[in-house]
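> Predicted structure and sequence below. I'll ask about it afterward.
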Amino acid sequence: MTVNELAALIEGKVLSLHGENDIKRGCVCDLLSWVMARGSEGCAWVTVQTHLNVVAVASLHEMACVVWPENVEADAESLAKADEVGVAVISSPLSAYKIAGLMYEAGVGA
């Protein structure tokens, strides 16, 4: 599944470049240290956090994208950094719980 396909599935919109990144697995977590220790390449990470450290952790693991649920908004600085480091960003009106369920049903593993 690509980032663009995930965005369509979760009624979201891609806010940055890199919509063709391939998603290999999913993660839902708001604790940065947890994701830093367990993240992986190609991950679609769902979190309500939008600051630069989220982009840094996603970049560290070469994640496919960060998904911000419930129309959480980010600042321009975080979006610009995501573009720079190759991490896509999706904003969705759905809850993190609903997004995780849809990803699972679509075959995105943990």
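Noted; the coordinates are in hand. Numbers count the residues shown, from 1 in each chain.
> which stretch of helix or strand covers the residue sitting nearest the centre point of the chain?
Centroid-nearest residue in the chain, with Cα atoms, centre = their mean: residue 66, separated by 1.7 Å. Per DSSP states H and E: residue 66 is located in strand 65-68.
> Make sure the residue nearest to the centre of the chain is actually in contact with residue 54.
Yes - the pair residue 66 / residue 54 is scored as a contact, 5.9 Å apart, by Cβ atoms under 8 Å. Every C-beta, even on glycine, is put in place using the N, C-alpha and C of the backbone.
> any shared contact partners between those two?
45, 47 (Cβ atoms under 8 Å, 6 or more residues apart in numbering).
> which residues of the protein score low on pLDDT?
Counting by pLDDT under 70, the chain contains no low-confidence range.
> quick one, strands of it?
13-14, 25-28, 43-46, 65-68, 88-91 (DSSP state E).
> Can you lay out these as CSV showing distance to residue 3?
Compiled in CSV, those are given as follows (distance: least, Cβ to Cβ, whole Å):
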stretch, distance to residue 3
strand 13-14, 6
strand 25-28, 12
strand 43-46, 8
strand 65-68, 5
strand 88-91, 4
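> Pick the most deeply packed of those strands.
With neighbours defined as mean count of other Cβ atoms under 10 Å, the strands of the chain peak in mean count at strand 65-68, which reaches a mean of 28.
> who does that one pair up with?
strand 43-46 (parallel), strand 88-91 (parallel) (DSSP bridges).
> ok, the residue nearest to the centre of the chain - contacts?
45, 46, 47, 54, 55, 58, 82, 87, 88, 89, 90.
> Of those, which is the nearest to residue 2?
Taking Cβ to Cβ as the measure, residue 2 lies nearest residue 88 of those, at 9.1 Å.
> I figured the closest one was touching residue 64, is that so?
Yes - contact criterion Cβ under 8 Å: residue 88 and residue 64 qualify, at 6.5 Å.
> Mind listing the shared neighbours of those two?
In contact with both residue 88 and residue 64: 3, 18, 21, using Cβ under 8 Å, 6+ apart.
> Skipping adjacent residues, who's closest to residue 100 in space?
Excluding the flanking residues, the one nearest residue 100 by Cβ to Cβ, 6 or more residues apart in numbering is residue 28, at 4.8 Å.
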